[in-house]
Structure formats: C-alpha cells, structure tokens
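Undergrad: mind folding the following:
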Amino acid sequence: MSRSTSPTSFVTRFAPSPTGRLHRGHAYSALAGWTRARETSGRFLLRIEDIDRLRCRPMFAAAIEDDLRWLGLDWEQPVRRQSDHMADYLGALARLEGMGLLYRCFRTRSEILQTLAEAPHEAPDAHRPGRIGAREERQRLEAGEAFAWRLDAAVAISGLGASAPLSFVERGRGPANEYGRIVIDPSSLGDVVLARKGLGVSYHLAVVVDDAAQGVTEVVRGRDLFAATPIQRLLQRLLGLPTPAYRHHRLLLRPDGKRFAKRDSQETLAQLRAEGVDPATLRRELGFA
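TA: Residues are numbered from 1 along each chain as shown. This next block holds a predicted model:
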C-alpha cells in the first residue's frame with residue numbers, strides 16, 4: 001500500500017473481531033476495501049476489534065492475519081488492536097458523561113427484549129429506558145447492582161441545534177438502496193449502550209474513536225452494519241470527530257440464502273485452504289480479479 005501524508009488521501013480499514021475464523025463474507029469485505037485503496041493509491045489498514053473480553057481469542061487474531069496474507073492482501077503496520085487503547089475509549093466515555101449525555105441503566109438485555117415482545121405498537125420505545133430518580137439510582141448502586149451506561153439520545157440531539165442536520169454520505173448502497181447524502185431521522189436513534197460495568201466499552205464508541213485516530217476517510221463494510229451508522233455519526237458529532245464517508249456493500253449468501261457465519265466451519269478460509277483452494281480462484285469467484 002502506498003502511504004501518503006496528504007490529509008485528503010484515501011484511507012480505509014478492515015476491522016474484524018477475533019471471535020472465530022474468517023469466512024467468504026469476510027474475504028469479500030476485506031477485498032472490497034483493499035481494492036478501493038489500490039484504485040485510489042490510498043491506504044489499507046487492518047484493525048483487530050478485540051474489546052469483547054468474553055469472546056475474543058488471541059489465536060483467532062493471529063489466524064486473521066494468516067488468512068488475509070493467504071488471500072494476497074497487505075496492510076500497514078502496526079496493526080491497531082482495540083485492547084491496547086482502552087484508555088482512549090474511556091476518555092471519550094468520560095467526555096460524554098461530563099456533557100451530561102449518559103445515564104445508568106439497570107435493565108438487562110433480556111428484560112428489554114421481553115418488554116419489546118410484550119409491548120403494544122403504541123407503547124414507548126423500549127430501547128429508550130430513560131433515567132431513573134436519583135434516590136432509586138443511589139439505592140441500586142449501594143446494592144451493587146450491575147448497570148450499563150446509555151447515551152441519552154434525546155438530550156444529545158437537542159443539544160446539536162437545527163442549523164446542521166445530522167447526516168452521512170453513502171457511497172455504496174444501503175439495504176433499501178440508500179445512496180448519497182442521507183439525513184438521519186433523530187426519532188430513529190435509541191439510547192444505545194456505550195459501556196457496561198465490568199465489561200468495558202461498546203463497539204459503537206470504540207469504532208468512532210478508532211476511525212478518527214487512524215484517519216479513516218471511507219468505511220467499507222457490509223450492509224448489515226448500515227443501521228449502526230446513524231448512532232456512530234451522532235457520536236462523531238458529539239465528540240468533535242471527523243466523519244468518514246461510508247460504502248456499504250452487498251452481503252454474500254450461502255446457497256440456502258442465509259448469511260455466512262463464523263460457526264460454519266466448512267465455509268471458513270482455513271477450510272478452503274485445507275481443501276487446496278487457490279486464493280486467486282477464490283478472488284475471481286468473489287468478483288476480484
């Protein structure tokens with residue numbers, strides 16, 4: 001990869017989580033970003049998103065690099081590993097807390113899912129649990145109850161003002177064929193979890209900090225992450241971070257119409273290698289000569 005110091009140079013990244021072996025879908029996404037970087041004489045970065053301490057494994061992180069090299073890709077060094085930058089994410093979290101944009105939520109994920117299943121259509125959005133009273137919060141903290149830090153989306157949006165609507169640029173295609181400048185509907189933003197006590201920060205917060213730190217100008221990723229873009233765009237605005245463009249690409253599907261998954265051991269790049277598949281043949285099958 002060529003390396004330019006120009007602030008306008010193209011920079012993208014492939015950012016898998018080491019929770020299993022890479023599959024054909026990962027190969028497509030990595031090749032899409034790598035090819036875009038080559039076409040623009042830009043930079044291609046590899047990031048290991050390993051903040052999930054319960055599921056991530058060092059053996060899978062090493063395997064990711066092996067699989068990508070076999071596929072014929074190269075990237076800049078050093079590789080950014082999220083586990084090395086927790087202080088950056090906690091600093092961003094503290095900034096949001098200092099702005100009064102976070103609240104402690106004591107509801108579990110299962111409780112919220114149950115509320116969603118039972119709530120009538122006209123019920124308030126269960127993804128916006130809201131703040132509780134100071135007395136109840138103090139009692140729960142004294143009782144040692146676990147909690148998550150949630151972003152108060154309504155408060156955050158109200159503080160932005162109406163002069164510059166929240167938006168992002170889509171250079172690929174969203175699930176409903178979205179393209180170009182997309183204005184975000186504030187009512188669609190729920191109070192997402194940004195951190196959990198004892199489990200660290202969330203993907204949403206870490207990824208915007210990483211993209212800014214690495215100077216990413218275009219995020220190339222699958223359409224399954226299109227729905228994550230509005231909340232990430234909001235976090236960028238709140239934290240004063242630069243905004244990359246987004247290029248969401250199609251998702252590869254198995255013959256049965258389902259998405260590839262890491263649990264499908266027969267479809268991993270490791271299995272293809274073991275079967276003697278030539279990487280050049282796989283690249284052509286995926287549409288990359």
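Undergrad: all helices of the stretch 1-150 of the chain, in order?
TA: Secondary structure of the stretch 1-150 of the chain (DSSP state H, counting those that start in this stretch): helices at 24-39, 58-71, 86-98, 109-118, 134-142.
Undergrad: and D52, which of those helices is closest to it?
TA: Among the helices of the stretch 1-150 of the chain, helix 58-71 comes nearest to D52, with 11.3 Å by CB to CB. Using the backbone N, CA and C atoms, a C-beta is placed for each residue, glycine as well.
Undergrad: what bits of the stretch 101-250 of the chain have low per-residue confidence?
TA: 109, 111-127, 162-163, 198 (pLDDT under 70).
Undergrad: picking that back up, deepest-packed of the helices of the stretch 1-150 of the chain, please.
TA: Comparing the helices of the stretch 1-150 of the chain by mean neighbour count (mean count of other CB atoms under 10 Å), helix 24-39 ranks first with a mean of 21.
Undergrad: got the angle between that helix and helix 58-71?
TA: 60 degrees (axes from the mean of the first three to the mean of the last three CA atoms, to 10 degrees).
Undergrad: hmm, who's touching helix 24-39?
TA: With CB atoms under 8 Å, 6 or more residues apart in numbering as the test, helix 24-39 has contacts from 1, 10-14, 16, 22, 42-44, 67-68, 71, 73, 75, 218, 220-222, 247, 249, 251-252, 259-260, 267, 269, 272, 282-283, 286-288.
Undergrad: repeat that for stretch 229-239.
TA: 92, 95-96, 99, 101, 151, 153, 156-157, 160, 166-168, 184-185, 188-190, 192, 204-205, 207-209, 212, 241-243, 246, 248.
Undergrad: which among the contacts of helix 24-39 end up buried?
TA: Among the contacts of helix 24-39, those buried by neighbour count (16 or more other CB atoms under 10 Å) are 1, 10-14, 16, 22, 42-44, 67-68, 71, 73, 75, 218, 220-222, 247, 252, 260, 267, 269, 272, 282-283, 286, 288.
Undergrad: how's this structure carved up into domains?
TA: With domains defined by automatic domain parsing, the chain comprises 1-83+253-289, 85-206.
Undergrad: let's have those in a markdown table, adding distance to R237.
TA: Shown next, in a markdown table, are the domains of the chain (distance: least, CB to CB, whole Å):
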| stretch | distance to R237 |
| --- | --- |
| domain 1-83+253-289 | 20 |
| domain 85-206 | 6 |
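Undergrad: of all those domains, which lies closest to A227?
TA: A227 lies closest, by CB to CB, to one member of the domains of the chain: domain 85-206, at 8.0 Å.
Undergrad: centre of the chain to stretch 224-235, how far?
TA: How far stretch 224-235 lies from its chain's middle: 8 Å, per CA atoms, centre = their mean, to the nearest Å.
Undergrad: which residues touch the residue located most distally from the centre of the chain?
TA: Centroid-distance maximum for the chain: R135 at 35.2 Å, with CA atoms, centre = their mean. Not one residue lies near R135 by CB under 8 Å, 6+ apart.
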